[in-house]
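[1] next come a sequence and a model predicted from it.
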Amino acid sequence: MQPVPTRPIRVLVAKPGLDGHDRGAKIIARALRDAGMEVIYTGLRQTPEMIVSAALQEDVQVIGLSILSGAHNAIVPRVIELLKEKEMQDVLLIVGGIVPDADVAALKALGVAQVFQPGASLDGIVAFIREACANPSHL
């Protein structure tokens, strides 16, 4: 009997807000793609509504927000609110970028699975996503 093929992990990488720097998001997107994941990159200046709509349309398992502007305390709660409205609480939400240590615990308390700050390894990000998607009860 042949094993049932599993679908690749689908990840939406988004740049919310007015931050126009997307080099890091593109590096992450490429690393995830190179690791065998299907990656949808939404581009710059996305609103929370645009991000959640795209995640719903693309049927993703993971949303990765890249935020360098310092607006994470305004953007992330809105994304989480919209995910709840759309009954998408099973979508893993991760955040990367410039997030002060003092804000990490609050973001996780809201429902962010992990915050990747500057210096996080690409291998570590890939491993976290794989583990979280394989064992969603660990979140």
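    Here it is on my side, so go on. Numbers count the residues shown, from 1 in each chain.

[2] hang on, residue 50 packs against residue 42?
    Yes - Residue 50 is within contact range of residue 42, at 6.9 Å (criterion: Cβ atoms under 8 Å). (Glycine included, C-beta is placed from N, CA and C.)

[3] between those two, who's got more neighbours?
    residue 42 (20 against 14; other Cβ atoms under 10 Å).

[4] now the residue nearest to the more buried one when sequence neighbours are not counted, which residues is it bridged with?
    Leaving aside its chain neighbours, residue 42 sits nearest to residue 14 (4.5 Å; criterion: Cβ to Cβ, 6 or more residues apart in numbering). Under the criterion DSSP bridges, residue 14 forms beta bridges with residue 65.

[5] Three-state assignment for residue 31, please.
    Following DSSP: H, G, I helix; E, B strand; the rest coil, we place residue 31 in the helix state.

[6] please name the nearest non-neighbouring residue to it.
    residue 122 (4.2 Å).

[7] next up, the contacts around the one you found.
    27, 28, 31 (Cβ atoms under 8 Å, 6 or more residues apart in numbering).

[8] got the residue ranges for the strands in this structure?
    10-14, 38-41, 62-67, 92-97, 114-116 (DSSP state E).
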